[in-house]
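Trainee: No sequence on hand, only this structure:
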């Protein structure tokens, strides 16, 4: 981009530089990051807006990925109930969290299809799978996500719509699938020991 004959960095180059600074110092405040953006974009409002949009998308993606990782960590550590924190007073934060759970749901649906194929010719594993499916349909997760989405639209946001309750219903469903994976792995382990 040329501004009044002076060469400036492209939008992507500026975004990369800001993200790099954030990576080097995660404690940088939003104001500090804005100052970096200003110093790199000069007087061009158009350039600053374009950079702002891209940065917003990048930070949002980071936030969603960290939320997915947090849910994974909770499942691994067997952490029980999920409680809403002050962060959840922000609609953008709640929307990002719903997106994170939607990604977990898509992943779980893919894993279910893979497992369905893998266990179809194995009577013992197939029984475990069918027992799981009777109790835990995709519909439970879909309804919980929809209720969270509806609750998120309420303004002002109060948790009378059961946002927190539906997070916990959803995460309990993820935990149940983890249990199924563990049960199938135990069958493999037992057979492996028996063969030795």
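Mentor: That came through fine. What you see is a predicted model; the values in this text were computed from it and never measured.
Trainee: my guess is residue 95 is in a strand, correct?
Mentor: No. Assigned with DSSP: H, G, I helix; E, B strand; the rest coil, residue 95 falls outside any strand and is helix.
Trainee: Show the pLDDT at residue 160.
Mentor: At residue 160, the predicted lDDT confidence score is 65.
Trainee: Work out for me the element the residue nearest to the spatial centre of the chain sits within.
Mentor: Note on the chain: the residue nearest the mean C-alpha position is residue 100, at 2.4 Å, using C-alpha atoms, centre = their mean. Assigned by DSSP states H and E, residue 100 falls within helix 91-119.
Trainee: count of neighbours near the nearest residue to residue 138 once chain neighbours are set aside?
Mentor: With C-beta to C-beta, 6 or more residues apart in numbering as the criterion, residue 138 has its nearest non-adjacent residue at 6.5 Å, and that residue is residue 109. For every residue, glycine as well, the C-beta is placed using N, CA and C. Applying other C-beta atoms under 10 Å, we find 12 residues neighbouring residue 109.
Trainee: hmm, back to that, for the helix holding residue 100, buried residues please.
Mentor: Neighbour counts over helix 91-119 (16 or more other C-beta atoms under 10 Å) mark 93-102, 104-105, 108, 112, 115, 119 as buried.
Trainee: same deal with stretch 135-154?
Mentor: 136, 141, 144-145, 147-148, 151-152.
Trainee: distance between it and the chain's centre?
Mentor: 15 Å (C-alpha atoms, centre = their mean, to the nearest Å).
Trainee: quick one, strands of this protein?
Mentor: Using DSSP state E, the strands of the chain run over 2-3, 6-7.
Trainee: just the helices in this protein please.
Mentor: Secondary structure of the chain (DSSP state H): helices located at 11-24, 30-41, 45-77, 91-119, 123-135, 138-153, 163-195.
Trainee: where does this structure dip in pLDDT?
Mentor: Across the chain, the ranges flagged by pLDDT under 70 are 1-8, 80, 160-161, 196.
Trainee: can you rerun that using 90?
Mentor: The chain contains residues with pLDDT under 90 at 1-15, 17-23, 25-53, 55-63, 70, 73-93, 136-139, 150-164, 188-196.
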